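S.K.: I would like to see how this sequence folds:
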Amino acid sequence: MGSSQVVLPYLNLLSNCSNPETLEAAAGAIQNLSACYWQPSIDVRAAVRKEKGLPILVELLRMEVDRVVCAVATALRNLAIDQRNKELIGKLYLTTNGGMQSELIPPMYNMYVSTIIFSPVAPSFS
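M.R.: The predicted structure is shown next:
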């Protein structure tokens, strides 16, 4: 199964669904699939770009549901490991937000040290 076939169902959900839990889960899946430096994750990052997924994710940053915005922002952070994605995400954000630089997403620092994995289950401290 190619990377495009893997990401297309998630991108479809992100662009056509309004349920916050579904959006959070779909963004979390992309976040996890793009989270590391092995070849399948590299391929997923490229597939999201090629399948026009970056504009979908950037647009979801406007949602008023914090859980969704957090999952989307972290997915974008992992996707930005790819330099072309990083440049496109910046351009898309400025375009969709009227070029208002005062509201820029904080710099994605330390991206080469670690990636973030989504876990919808709260840790148990029993």
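
S.K.: residue ranges with poor pLDDT in the protein?
M.R.: 96-126 (pLDDT under 70).

S.K.: switch to 90 and redo it
M.R.: By pLDDT under 90, the weakly predicted segments of the chain are 1-2, 4, 90-126.

S.K.: gap between the most centrally placed residue in the chain and residue 37?
M.R.: Note on the chain: the residue nearest the mean C-alpha position is residue 75, at 2.6 Å, using Cα atoms, centre = their mean. Computed as Cβ to Cβ, to the nearest Å, the residue 75 to residue 37 distance reads 16 Å. In this view, the C-beta of every residue, glycine as well, is placed from N, C-alpha and C.

S.K.: The residue nearest to the centre of the chain sits in which helix or strand?
M.R.: With secondary structure defined by DSSP states H and E, residue 75 is part of helix 66-79.

S.K.: Same check on residue 5?
M.R.: Using DSSP H and E, residue 5 falls in helix 3-16.

S.K.: Residues contacting the helix or strand just after that helix, please?
M.R.: Later in the chain than helix 3-16, the nearest helix or strand by DSSP H and E is helix 20-33. Helix 20-33 is contacted by residues 6-7, 10-11, 13-14, 17, 40-41, 44, 48, 53, 57, 60, 63, 65, 67-68, 71-72, 74-75, 78-79, 116-118, 120 when judged by Cβ atoms under 8 Å, 6 or more residues apart in numbering.
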